[in-house]
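Asker: Structure for the following, please:
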Amino acid sequence: MIGSRPTLPVPAPDFEYALLPGTTEQETAPGGISVAQVICILRAYWLYSLLTFVMLVSVLGLVIKMLPKVYVATATLIVNHENKDPLAARDFGLGEVNTYIPTQIQLITSQVVLQPVVARLNLTSDPEFTGGFVGPPGALNDVVSKSLREALQVQQGAGSQLVYISASSKFPVRAAKIANAVADAYLEQERQRTNEPAGERAGRYSSEVAELRAKVMAAQDRVTEFRQQHGMTEGETNNADLEGAALADLQQKLLAAQNARRELEARQLDPRADSDSVLDSAAVQTLRGKLTTQEAEMAELRATLGPKHPKVLELQSQMEATRRSLAREVESISTNNSVQLARARELEAKYLAAVAAERTRLIQRRGVQDQGAKLLLELQSAEATYKKALDGYDQIMFASAGNYSDVSLVARADPPVKSEKPNKIKYFLMSCALSLGLGLGWPLGYELLMNRRLRCRDDLERHFGIPVLAQLGPNPRSAT
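Answerer: Numbers count the residues shown, from 1 in each chain. Below you'll find the predicted structure:
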């Protein structure tokens, strides 16, 4: 009920002045909006700001709640570029070591690795990766590969040789499958690149060993055929110098026959030498000794007996017989010398023919032996080369089957239990801050730009330059 007394202006209470945020500096400010004006505007629209804040937080919270969850699964690899293939003999320089892991990371996200993953997981029929693509079938693989590349994140561990392959998907099992499929495809291709050169070298080595074996067998067949053709044994092939022993023996015998023939010829040409040879004969010396004895006896007998004495006649008859025997012996020795000379010449001729024939045969034999030695040398060379290749064959084959790899799998990706994206709590806090800003900001904009009102002393003093001496507040005695 309103009282009958008129409402008179009264000074505002002291606490009312405490509510005014204006200061001396603000009163003398040339323009702008003060804190007191902002507070008055917000106080006037606080209900609308609260409703705006609540509505925005509710709407944004609902939107954040409806955001699809993104699960991230990670497979871990370790890169060890020091794992060397003994057949490849790779050595990395300092610069190559620093760029090796970044190169492998780019290779993981390349089309070469991702295309087999697309085919293995049949991602061309997955709406998450096709994205409603409508176009030629040939371009579908490129679109799916691009989507798969965007869903992957490959990074190197800080200061380590670990490589993490992370795959994002709306479903945890699919995220794990994609990460594992990418890791498997990369490992298969990496092992193939590492081991294929060794396998090719092992194949070429095997073919070379087979060729060497065929050469050894062919050389052995040629040596065997040659020996059978010429009737040679292994000792004859290897010891050709033994063939000259017979020729040397014949040459020695020929030399002896020639010496004997020359000696006989010298006796015939030199009478003294011939007589000496006759006198040197034992039979001639015996007969001469007997004749000398008989002549001594004859001299004794003639000294005492007459020439017609029977003993003298008998001794004389014996002396004549001895002289005839001596003459026959001398003649026989001369005849024997001629015969021996003829025989010596015949023997020398035979030895000459034999030496010539043996030399011809030996020359031919040496030619055959040289040819056989050449074939044997080829066989030995082929056997030595084949043996050397065969000694390293097992090592080469073992090394080629070693399945060397610079990269190995440390841990496979497991389906994640919690989603990693989006961080709904973070988004909700950001939406609250945004809602609060909009709830407080739009009243200020509306008041300042569209519906400006006078709400405090600063509105008069700052905008109109009218000094305010006092500010009236509500009169508590005016209400009944």
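Asker: From residue 372, how far off is residue 320?
Answerer: 75 Å (C-beta to C-beta, to the nearest Å). To be clear about C-beta, it is placed using only N, CA and C from the backbone, and glycine gets the same treatment.
Asker: who has more neighbours, these two?
Answerer: residue 372 (22 against 11; other C-beta atoms under 10 Å).
Asker: Show me what whichever strand or helix holds the more buried one is packed against.
Answerer: In this assignment (DSSP states H and E), residue 372 forms part of helix 310-391. The contact analysis (3 or more C-beta pairs under 8 Å, 6 or more residues apart in numbering; DSSP states H and E) places helix 310-391 against helix 172-230, helix 234-238, helix 244-269, helix 271-279, helix 282-304.
Asker: mean confidence score for that helix?
Answerer: For helix 310-391, the mean pLDDT works out to 79.
Asker: now swap in stretch 257-269 and tell me
Answerer: On average, stretch 257-269 scores 73.
Asker: Same question for stretch 123-140.
Answerer: Rounded mean pLDDT across stretch 123-140 is 78.
Asker: With stretch 61-79 instead?
Answerer: Rounded mean pLDDT across stretch 61-79 is 85.
Asker: With only the CA atoms kept, save it in PDB.
Answerer: Output in PDB follows, covering the C-alpha atoms of stretch 61-79 (Å, rounded to 0.1, in the frame of the first residue of the first chain):
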ATOM      1  CA  GLY A  61      27.400 -31.400 -24.200                       C
ATOM      2  CA  LEU A  62      24.800 -33.300 -26.300                       C
ATOM      3  CA  VAL A  63      26.900 -32.800 -29.400                       C
ATOM      4  CA  ILE A  64      30.100 -33.900 -27.600                       C
ATOM      5  CA  LYS A  65      28.200 -36.900 -26.300                       C
ATOM      6  CA  MET A  66      27.200 -37.900 -29.800                       C
ATOM      7  CA  LEU A  67      30.700 -37.500 -31.200                       C
ATOM      8  CA  PRO A  68      31.900 -41.000 -32.500                       C
ATOM      9  CA  LYS A  69      34.700 -42.500 -30.500                       C
ATOM     10  CA  VAL A  70      38.000 -43.100 -32.200                       C
ATOM     11  CA  TYR A  71      40.200 -46.000 -30.900                       C
ATOM     12  CA  VAL A  72      43.900 -46.100 -31.500                       C
ATOM     13  CA  ALA A  73      45.900 -49.400 -31.600                       C
ATOM     14  CA  THR A  74      49.700 -49.400 -31.800                       C
ATOM     15  CA  ALA A  75      52.100 -52.000 -33.100                       C
ATOM     16  CA  THR A  76      55.700 -51.700 -32.100                       C
ATOM     17  CA  LEU A  77      58.700 -52.500 -34.400                       C
ATOM     18  CA  ILE A  78      62.400 -52.400 -33.700                       C
ATOM     19  CA  VAL A  79      64.900 -51.400 -36.500                       C
END
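Asker: Relative to the whole chain's centre, how far out is that stretch?
Answerer: Its chain's C-alpha centre and that of stretch 61-79 lie 42 Å apart, by C-alpha atoms, centre = their mean, to the nearest Å.
Asker: Next: stretch 47-67.
Answerer: 65 Å.
Asker: Which positions within that stretch qualify as buried?
Answerer: Residues of stretch 47-67 classed as buried by neighbour count (16 or more other C-beta atoms under 10 Å): 49, 52-53, 56-57, 60-61, 64.
Asker: my read is residue 164 is in a strand, agree?
Answerer: Yes: with DSSP: H, G, I helix; E, B strand; the rest coil as the criterion, residue 164 is part of a strand.
Asker: State the distance from it to residue 135.
Answerer: Residue 164 is 34 Å from residue 135, by C-beta to C-beta.
Asker: Show me which of the two is the more surrounded one.
Answerer: residue 164 (18 against 9).
Asker: shouldn't that one be in contact with residue 72?
Answerer: No: using C-beta atoms under 8 Å, residue 164 makes no contact with residue 72, being 10.4 Å away.
Asker: Now secondary structure too, for the buried residues of stretch 47-67, in TSV please.
Answerer: Converted to TSV, the buried residues of stretch 47-67 look like this (three-state DSSP):
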residue	secondary structure
49	helix
52	helix
53	helix
56	helix
57	helix
60	helix
61	helix
64	helix
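Asker: could those go into JSON lines alongside distance to residue 361?
Answerer: Putting those into JSON lines (distance: C-beta to C-beta, whole Å) gives the following:
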{"residue": "49", "distance to residue 361": "133"}
{"residue": "52", "distance to residue 361": "129"}
{"residue": "53", "distance to residue 361": "128"}
{"residue": "56", "distance to residue 361": "124"}
{"residue": "57", "distance to residue 361": "123"}
{"residue": "60", "distance to residue 361": "118"}
{"residue": "61", "distance to residue 361": "119"}
{"residue": "64", "distance to residue 361": "114"}
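Asker: farthest pair in these?
Answerer: By the measure C-beta to C-beta, 49 and 64 form the most distant pair in these, at 21.6 Å.
Asker: helix/strand/coil for the residue of the chain positioned farthest from its centre?
Answerer: Each residue of the chain has a distance to the centre, and by C-alpha atoms, centre = their mean the biggest one is for residue 306: 131.1 Å. The three-state assignment at residue 306 reads coil, by three-state DSSP.
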